[in-house]
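Visitor: structure of the sequence below:
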Amino acid sequence: MTTRARILEVAADLLAKSPNGDISTRAVCEGAQVGAPALYRQFGDKEGLLSAVVDRGFDTYLETKRSHEPGADPIEDLREGWDSHVAFAVANRNLYRLMNSPAMRKPPASAVESHQILTRDLERAAARGKLRISPDLAAQMVMAANIGVALTLAARPAAAGDGDVSRRVRDAVHAAVFTPEAMYGTAGAVDTVTSGGPGEETPAAAARLGALLRRSPTTALSAAEGALLTEWLERVSDAPGAAASS
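Guide: Prediction:
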């Protein structure tokens, strides 16, 4: 095992066992049997060490998502993604709280990749006419709510066993970003835009067209025209209250 790997392993173990979610570089050096110069040479400072610990832990978590083959229904994949996110937070409370701490000035690379995976699944949903709003806005809403629930349960171990809270919030957020047909209709692929009312058809159609154009860009428009069309579609799909008007 390399010096870097040994330091990371000790730091991750100390973090998991810490009663207050903090570790000292002195304890890490003692546990890894290295001097402080070796630690700072590898990671720069304590924040660099903690950032590496977070990336190491979430890299393990993301491996399951990277190797996961997309299912027939992107909505079901997104439900499973939410649940696995919360389960990871509860099982790795200190690590997860550190991941989302304001003290981490630079978001770990794993956080960026997690957001990209979420957006990818939402793009699939939009391309099938299942999304009320643009994938980018939907990703922001889902991620914010998912992290909020996960942090709450990670901070309150006694509530971790109550999966009903997470499920209720998940379904409420999904109902706000997906069409009623996607949420309550027959599971499986939906290749036409259907909705609960006329106030919902236009935003969903705009979100779907935007996703299809990103998947297969058209050569009929210039770069400037394509950018303008994308802006228009996002404004239509993300107009405040558009989805709720039905």
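
Visitor: ok, now which ones touch the residue sitting furthest away from the middle of the chain?
Guide: Farthest-out residue of the chain from its mean C-alpha position, per CA atoms, centre = their mean: G35, at 37.0 Å. Shown in contact with G35 (CB atoms under 8 Å, 6 or more residues apart in numbering): C29. Yep, even glycine has a C-beta here, placed from its N, CA and C like the rest.

Visitor: next one: it from L49, what distance?
Guide: Look at G35 and L49: by CB to CB, to the nearest Å, they are 14 Å apart.

Visitor: can you pull the phi/psi pair for the residue farthest from the centre of the chain?
Guide: Note on G35: backbone dihedrals following degrees, to the nearest 10 are phi -80, psi 160.

Visitor: swap in N100?
Guide: phi -110, psi 20.

Visitor: between the two ends of stretch 60-74, what distance do you get?
Guide: Stretch 60-74 stretches 23 Å from its first residue to its last (CA to CA, to the nearest Å).

Visitor: in that stretch, which residues are buried?
Guide: For stretch 60-74, a neighbour-count test (16 or more other CB atoms under 10 Å) marks Y61, L62, K65, D73, P74 as buried.

Visitor: which single one of these is nearest to I147?
Guide: Y61 (13.7 Å; CB to CB).

Visitor: hmm, that closest one is touching F88, no?
Guide: Yes - applying CB atoms under 8 Å, one finds Y61 in contact with F88, separated by 5.0 Å.

Visitor: just the CA atoms of whichever strand or helix holds A204, as PDB, please.
Guide: Element membership for A204, per DSSP states H and E: helix 198-215. Provided in PDB are the C-alpha atoms of helix 198-215 (Å, rounded to 0.1, in the frame of the first residue of the first chain):
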ATOM      1  CA  PRO A 198     -53.600  21.900 -21.400                       C
ATOM      2  CA  GLY A 199     -51.500  24.000 -18.900                       C
ATOM      3  CA  GLU A 200     -49.000  21.200 -18.700                       C
ATOM      4  CA  GLU A 201     -48.700  20.100 -22.400                       C
ATOM      5  CA  THR A 202     -46.600  23.100 -23.600                       C
ATOM      6  CA  PRO A 203     -43.900  23.000 -20.800                       C
ATOM      7  CA  ALA A 204     -43.600  19.200 -21.200                       C
ATOM      8  CA  ALA A 205     -43.400  19.400 -25.000                       C
ATOM      9  CA  ALA A 206     -40.700  22.100 -24.700                       C
ATOM     10  CA  ALA A 207     -38.700  20.000 -22.300                       C
ATOM     11  CA  ARG A 208     -38.900  17.000 -24.600                       C
ATOM     12  CA  LEU A 209     -38.000  18.900 -27.700                       C
ATOM     13  CA  GLY A 210     -35.000  20.400 -25.900                       C
ATOM     14  CA  ALA A 211     -33.800  17.000 -24.800                       C
ATOM     15  CA  LEU A 212     -34.200  15.500 -28.300                       C
ATOM     16  CA  LEU A 213     -32.300  18.300 -29.900                       C
ATOM     17  CA  ARG A 214     -29.400  17.800 -27.400                       C
ATOM     18  CA  ARG A 215     -29.400  14.100 -28.100                       C
END
